[in-house]
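*Asks:* Sharing a sequence plus its predicted fold:
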Amino acid sequence: MLPVAGFGTRVLPATKSIPKEMLPVFDRPAIQYVVDEALAAGIEHIVFVTGRNKSAIEDYFDRAYELEDSLRLKGKTSLVAELEAGLRPAGSMSFVRQQGALGLGHAVWCARDVIGDEPFAVMLPDMLMMAQPSCLTQMVEAYNEVGGNLIAVEPTDTPELYGVITPESRDGRLIKMKGMVEKPKRDEAPSNLFISGRYILQPEIFDLLASQQAGAGGEIQLTDSMARLMQTQAFHALEYVGRTYDCGDKIGYLRATVAFALTNDEFGEKAAATLRAALADKG
Ligand code: G1P
């Protein structure tokens, strides 16, 4: 389940008429990295919880008939093949509307009928993970051992911007938790481990979300329902191997773009040379 209803106010004006998930991170829309991560982890069906003015996301994952036809007429068959290869099997993506910006917890709850009575993953498309194997793949491996619910965490210097966990004990990278809190005050953060935007959850979360009161920022928070679920079900955090790029603001976006350009197989070296030259020019 990918929540994609947000306005992207922190990257305006770029997001005035384009969904933030469609902004390119080097050579592809940000959302493509997240979908690729899901597919690499064996996810079979993707539910987008979307909102008004987000139809570009649906179009991106559909056939672009007119474009393909025009490419074919010009003999650009390799581009057509590339577009074809990017298509998912018919029926393997669903789009559900979140009618108002009531919070992440509400967005997840909006997907309840499509997801049904099965464990599922939540992936926040603002957060791009650079990891090998992918973050969700590492989580699925850990989930196959411990079951229950699992979230990815990573150390941060700015816990006040995120959900933060209270660790209890640790076995390698797997952490048992006592609790979690959404956007704590900086000096009250229970640890430096933040919830980095990848979750594997049991369907019982939906019942809790149905009755969840608004929390931090006046929004229905997924973190608050997870903290309740933790009282009755196994819940672990995984400090995954890799790095999270938060594309939620302009500099985070730039950081992600640079990182993904530098590690791109085809363009990495050229990107490095270009950046070095740009810095030298600036003096
Ligand atoms: C959400 C979650 C938070 C998590 C963060 C990661 O917050 O509520 O727990 O740490 O995503 O980006 P948001 O960024 O929507 O404010």
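*Replies:* Noted; the coordinates are in hand. Residues are numbered from 1 along each chain as shown.
*Asks:* Return the residues of the chain in contact with the ligand.
*Replies:* Applying C-beta under 6 Å from any ligand atom, one finds that the chain approaches the ligand through 104, 124, 126-127, 162-163, 182, 194-195, 197, 221-223, 246, 248. For glycine as for every other residue, the C-beta is placed from the backbone atoms N, C-alpha and C.
*Asks:* Out of those, name the ones that lie in strands.
*Replies:* Met127, Gly163, Glu182, Phe194, Ile195, Gly197, Asp246 (DSSP state E).
*Asks:* from the residues you listed, which single one is nearest the ligand?
*Replies:* Closest to the ligand out of those is Gly163 (2.4 Å), distances taken as C-beta to the nearest ligand atom.
*Asks:* which outside residues touch stretch 273-283?
*Replies:* Here stretch 273-283 makes contact (C-beta atoms under 8 Å, 6 or more residues apart in numbering) with Val258, Ala261, Leu262.
*Asks:* for it, what is the average pLDDT?
*Replies:* Averaging pLDDT along stretch 273-283 gives 92.
*Asks:* Same question for stretch 250-261.
*Replies:* 95.
*Asks:* now it, how far from the chain's geometric center?
*Replies:* 15 Å (C-alpha atoms, centre = their mean, to the nearest Å).
*Asks:* cool, stretch 276-283 as well?
*Replies:* 33 Å.
*Asks:* Same question for stretch 100-110.
*Replies:* Worked out by C-alpha atoms, centre = their mean, stretch 100-110 lies 15 Å from the chain centre.
*Asks:* Just the strands from the chain, written as ranges.
*Replies:* With DSSP E as the criterion, the chain has strands spanning 2-3, 24-25, 28-29, 46-50, 93-97, 120-123, 127-130, 149-155, 163-171, 174-182, 193-201, 235-239, 243-246.
*Asks:* Strand partners (parallel or antiparallel) of the fourth one?
*Replies:* For strand 46-50, the pairing partners within the sheet under DSSP bridges are strand 2-3 (parallel), strand 93-97 (parallel).
*Asks:* if we look at the shortest one, which residues are touching it?
*Replies:* Translated: strand 2-3. 31, 34-35, 38, 46-49, 98, 104, 107-108, 122-125.
*Asks:* Of the residues you listed, just say which sits nearest to Val153.
*Replies:* Leu124 (13.3 Å; C-beta to C-beta).
*Asks:* still on that earlier bit, would you list the strands of the chain in CSV and tack on mean neighbour count?
*Replies:* What follows is these, written out as CSV (neighbours: other C-beta atoms under 10 Å):
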stretch, mean neighbour count
strand 2-3, 24
strand 24-25, 16
strand 28-29, 18
strand 46-50, 22
strand 93-97, 16
strand 120-123, 22
strand 127-130, 22
strand 149-155, 23
strand 163-171, 17
strand 174-182, 19
strand 193-201, 25
strand 235-239, 23
strand 243-246, 21
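*Asks:* How about the contacts made by the closest residue in space to Ile195 that isn't next to it in sequence?
*Replies:* Leaving aside its sequence neighbours, Ile195 sits nearest to Gly163 (C-beta to C-beta, 6 or more residues apart in numbering; 3.7 Å). Counting by C-beta under 8 Å, 6+ apart, Gly163 touches Met180, Val181, Glu182, Lys183, Phe194, Ile195, Gln221, Leu222, Thr223.
*Asks:* quick revisit: which pair in the residues of the chain next to the ligand spans the largest distance?
*Replies:* Gln221 and Asp246 (17.6 Å).
*Asks:* hang on, the earlier thing: any chance of TSV for the strands paired with strand 46-50, columns distance to Ala85?
*Replies:* Listed next are those as TSV, based on distance: least, C-beta to C-beta, whole Å:
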stretch	distance to Ala85
strand 2-3	21
strand 93-97	16
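*Asks:* Next, the buried residues of the longest helix seen in the chain.
*Replies:* Longest helix in the chain, counting residues (DSSP state H): helix 268-282. By neighbour count with 16 or more other C-beta atoms under 10 Å, helix 268-282 contains the buried residues Ala271.
*Asks:* Thought Leu208 was touching Arg228, still the case?
*Replies:* Yes. Between Arg228 and Leu208 there is a contact under C-beta atoms under 8 Å: 5.1 Å.
*Asks:* Look at those two and report which has more neighbours.
*Replies:* More crowded of Arg228 and Leu208, by other C-beta atoms under 10 Å: Leu208, with 19 against 16.
*Asks:* Since that was my last question, I'll sign off now.
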